[in-house]
Structures are given as C-alpha cells and as structure tokens.
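K.L.:
Structure here, sequence nowhere to be found:
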C-alpha cells in the first residue's frame, strides 16, 4: 500500500476517482469498500475513515458526478441559444445518461430505495434553472413561469433516467425492440420539451 502523504482533499479525490473507475466496470452492489481501496492503492481503513460506510462512498461518488454535470450545464447555458434543434440542457442530459458511471449509480439509488442520494442538497437544480432564465432574458425570449420551467426540467430528467433504467422492459411491454433507443430520445425529447415551454411562454 502506498504511504504517500496526502491532504484530506487529495485522499478523498483519490478514493472517489478509484470508485468511478470501478463503477465503469460493475454495478455498485457488486463490490465493496475493499475493492475500492484496492483500486486506489490504499488501505481499507483509510477509505472507512473518509467515507464511513460503502453507502457513504457510493453516495459521495454520485453527488460528485451530479455536481460536475450541474456545473457543466450552468457553463454551457451561459452562451446557449434556444431553438427546437439547439437545447443544450437536453444535450447535457443525454450525455449524462450515456455515462456508465452515472447510470450505474442512479440505477443503484433508484432500485435500492435510495432516491434521496440523487439530490442530497435541497434546491440542487436551482442554479441550472436560474441559468436558463438568465439566458432567455439575455436573448429577449419570452420565458415560461418558474413552476412550468421546473416541471419541464423535472419531467425530462425523470423520462431520461427512467428510460435508461427500464428501457429493455418497456420495449418488451410495447413489443417494439429498439423503439426507445437513445437516438429516438435525442430526437423526440427536445420536441416535447420545446412544445411545452413555448406553449406556456409568457404565462404566469
């Protein structure tokens, strides 16, 4: 085991990086703290010191992944245009559900009754919604009310993540293999959200 001296932040980052590498290969419920420690090249005791339990580590990994996606969304929205063919928030969302680490962690959270792990901080989406409203104002576009914007973003998130977890079963229920492909979602989801937002633009 490495005995290199690290700051607490460096040690936490090292462990989270190792967890992300492991989760690119397997579901979170297939491994434990010792597997992450082995990947990081540190002791099991050190992982326990920083994260307490395996659930604490998995939650922290998901929180970091979501935080990075949220910051990316805010940055890209700052120079975005809004048309049916250019909805950057949805593009970011679709990129997120192609991320195997995010998908495995979200699946772990949803299927194990840990939905709260996906938003450990109340109001976590508020900065993204603020960025959408600010950019719409800068472009001189009529904006939907905040509740309608919240609904559209929440519905898009629920649809995208729900399909990512249950796509195969839903296609089987429809008896239409491939009907809910990522390509179909990339084409249809922006149309649905754009139609809703434009229908409610300017309403209180």
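P.N.:
Thanks, I have the structure now. Computed from a predicted model, the values in this text were never measured in an experiment.
K.L.:
Count the neighbours of the nearest residue to residue 127 once chain neighbours are set aside for me.
P.N.:
Closest residue to residue 127 in three dimensions, ignoring its sequence neighbours and counting by Cβ to Cβ, 6 or more residues apart in numbering: residue 74, at 5.6 Å. Where you see a C-beta, it was placed from the backbone N, CA and C, and this is true even at glycine. Counted with other Cβ atoms under 10 Å, the neighbours of residue 74 add up to 17.
K.L.:
quick one: residue 74 and residue 125 touch, right?
P.N.:
No. Using Cβ atoms under 8 Å, residue 74 makes no contact with residue 125, being 10.7 Å away.
K.L.:
re the thing from before, the host helix or strand of the residue nearest to residue 127: which residues count as buried?
P.N.:
Element membership of residue 74, judged by DSSP states H and E, is helix 54-77. Across helix 54-77, burial judged by 16 or more other Cβ atoms under 10 Å covers 54, 57-66, 69-70, 73-74, 77.
K.L.:
helices and strands around the lengthiest helix in the chain, which ones?
P.N.:
Ranked by residue count and defined by DSSP state H, the top helix of the chain is helix 146-174. Packing contacts for helix 146-174, counted by 3 or more Cβ pairs under 8 Å, 6 or more residues apart in numbering; DSSP states H and E, involve helix 88-97, helix 100-111, helix 126-138, helix 182-200.
K.L.:
Need the ones you listed in TSV (columns: mean neighbour count and mean pLDDT).
P.N.:
Shown next, in TSV, are those (neighbours: other Cβ atoms under 10 Å; pLDDT from 0 to 100):
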stretch	mean neighbour count	mean pLDDT
helix 88-97	19	76
helix 100-111	19	86
helix 126-138	16	86
helix 182-200	15	78
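K.L.:
now those helices in JSON lines, with distance to residue 146?
P.N.:
Shown next, in JSON lines, are the helices and strands packed on helix 146-174 (distance: least, Cβ to Cβ, whole Å):
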{"stretch": "helix 88-97", "distance to residue 146": "15"}
{"stretch": "helix 100-111", "distance to residue 146": "26"}
{"stretch": "helix 126-138", "distance to residue 146": "7"}
{"stretch": "helix 182-200", "distance to residue 146": "11"}
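K.L.:
Ok, which of these comes nearest residue 20?
P.N.:
Closest approach to residue 20 among the helices and strands packed on helix 146-174 (Cβ to Cβ): helix 100-111, 5.2 Å.
K.L.:
got a list of contacts for the closest one?
P.N.:
20, 23-24, 26-29, 58, 61-62, 65-66, 69, 96-97, 114-115, 117-118, 161, 164-165 (Cβ atoms under 8 Å, 6 or more residues apart in numbering).
K.L.:
Good, we can wrap up now.
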